[in-house]
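> Need a 3D model of the sequence below.
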Amino acid sequence: MSSVETVGPSNLSEHTTLRLGGPARRVVVAETTDDLVAHVRKLDEAGEPVLLVGGGSNLVVGDAGFDGTVVRIAATGWSDDFRTVAAGQDWDAYVGATVEAGLGGLECLSGIPGCAGATPIQNVGAYGCETSQVLESLELYDRRARQVRTVSAEELGFAYRTSVLKGTDSGVVLSVRFRLSEDGLSAPVRYAELARTLGVEIGARVPAKEVREAVLALRRGKGMVLDPHDHDTWSAGSFFTNPIVAEDDVADVLARIGDVVGTEAAVPRYPADGGIKLSAAWLIERAGFAKGHAGPGGRVSLSTKHTLALTNRGGATTADLLALAREVRDGVHERFGVALRPEPLLVNCEL
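Next up is the predicted model:
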């Protein structure tokens, strides 16, 4: 097998962008898709607990770590037509390659940390684009049936920041296939902030390279592009999803928010299935949590650039991070009656 194995405790802080998490009993790095399938199958047959880790950008691991084997997904590369990408491929490097090749469709997802295989699991999205809009199919190792199969986009049950794969470890994504345009133009620009930055109308299509550059600049300004020297990027990205308020509750929630901020009209809201979607960052700020708001001992804080990111300032523990997350979650609920839910996967810990 083309793999690297570490026997004995290996700290999971080395495998997450938060740089947090306790030890794992063993770490195996699978450098090919065949190795990934073989390792998972062997571990399953032995009854060994398995934690699959790609880029570790959407992962919060408890201080006690993981009492089992971590399988690092490190199979990389993409097909000659750029449309199929291995699960362990660095996502932004792949997006950049598609843009340089004159292909459009993924440009709004530039700068997102992590690996390609994670994108369909939580229906990764940014700046008006979601994985569900561009994904054609994926190759999956079904751990129950112990076989590799192709799964279409329609089978994945996509919704806001979720899919049928999220919250379950029954399938291992091996590769992902995307629909890309060949005219070098972006998908229609749907996000107002991006349209303003580009100086175009909503719905316009512009060169994909220009959109990628604009998205990267916007993300850097919010501390959402990884930089080992910038503690604002020592995070799991957006820690909370934007809350969706059910249609029956919209009037009451908006009235309560209006009582606090002065007017309902000031509340950013967006259409969503069965109700409206509110901005978690906006709610956090108006609940009294400013950029840079510090948690226990100053070891964790909200990003100084964006209130939706919880960051490790150095020397932190996962317990520190979760304490700050609870403070923010409970503060928003107490002030506005809106429940915030975490976006990253929590392993051996809870809010």
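
> Please identify the buried residues of the strand or helix carrying residue 322?
Assigned by DSSP states H and E, residue 322 belongs to helix 318-336. Going by neighbour count (16 or more other C-beta atoms under 10 Å), the buried part of helix 318-336 is 318, 320-325, 328-329, 331-332, 335-336. Every residue, glycine included, has its C-beta placed from N, CA and C.

> repeat for stretch 135-150
Neighbour-count burial for stretch 135-150 [16+ other C-beta under 10 Å]: 135, 137, 138, 139, 140, 141, 143.

> same deal with stretch 340-351?
340, 342, 343, 344, 345, 346, 347, 348, 349.

> is the fifth one in a bridge, and if so with what?
It refers to residue 345. Taking DSSP bridges as the rule, residue 345 bridges to residue 59.

> among the helices and strands of this protein, which has the poorest mean pLDDT?
One helix or strand of the chain scores below all others by mean pLDDT, DSSP states H and E: strand 3-11, with a mean of 63.

> For residue 105, see how far away the residue nearest to residue 124 when sequence neighbours are not counted is.
Closest residue in space to residue 124, ignoring its immediate chain neighbours: residue 131 at 5.0 Å, by C-beta to C-beta, 6 or more residues apart in numbering. Computed as C-beta to C-beta, to the nearest Å, the residue 131 to residue 105 distance reads 11 Å.

> Between these two, which has more neighbouring residues?
residue 131 (25 against 22; other C-beta atoms under 10 Å).

> quick one: the strands in the stretch 251-351 of the chain?
Here the stretch 251-351 of the chain has its strands, by DSSP state E, counting those that start in this stretch, at 269-272, 275-278, 300-302, 309-312, 345-347.

> Residue 227 is nearest to which of those?
strand 309-312 (11.8 Å; C-beta to C-beta).

> Show the average pLDDT along that closest one.
Per-residue pLDDT values over strand 309-312 give a mean of 98.

> Check what contacts that strand and list those residues.
With C-beta atoms under 8 Å, 6 or more residues apart in numbering as the test, strand 309-312 has contacts from 18-20, 222-224, 231-239, 295, 299-303, 321, 324-325, 328.

> at 6 Å what do you get?
Strand 309-312 is touched from outside by 18-20, 231-232, 234-235, 239, 300-301, 303, 321, 324-325, with contacts defined as C-beta atoms under 6 Å, 6 or more residues apart in numbering.

> List the strands paired with that strand, with their directions.
strand 235-238 (antiparallel), strand 300-302 (antiparallel).

> I'd like the ones you listed laid out as TSV, including distance to residue 193 and mean neighbour count.
Formatted as TSV, the strands paired with strand 309-312 follow (distance: least, C-beta to C-beta, whole Å; neighbours: other C-beta atoms under 10 Å):
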stretch	distance to residue 193	mean neighbour count
strand 235-238	15	25
strand 300-302	20	27
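
> Quick one: those strands as TSV, columns for distance to residue 64 too.
Listed next are the strands paired with strand 309-312 as TSV, based on distance: least, C-beta to C-beta, whole Å:
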stretch	distance to residue 64
strand 235-238	18
strand 300-302	18
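
> So which of those is nearest residue 49?
strand 235-238 (21.9 Å).
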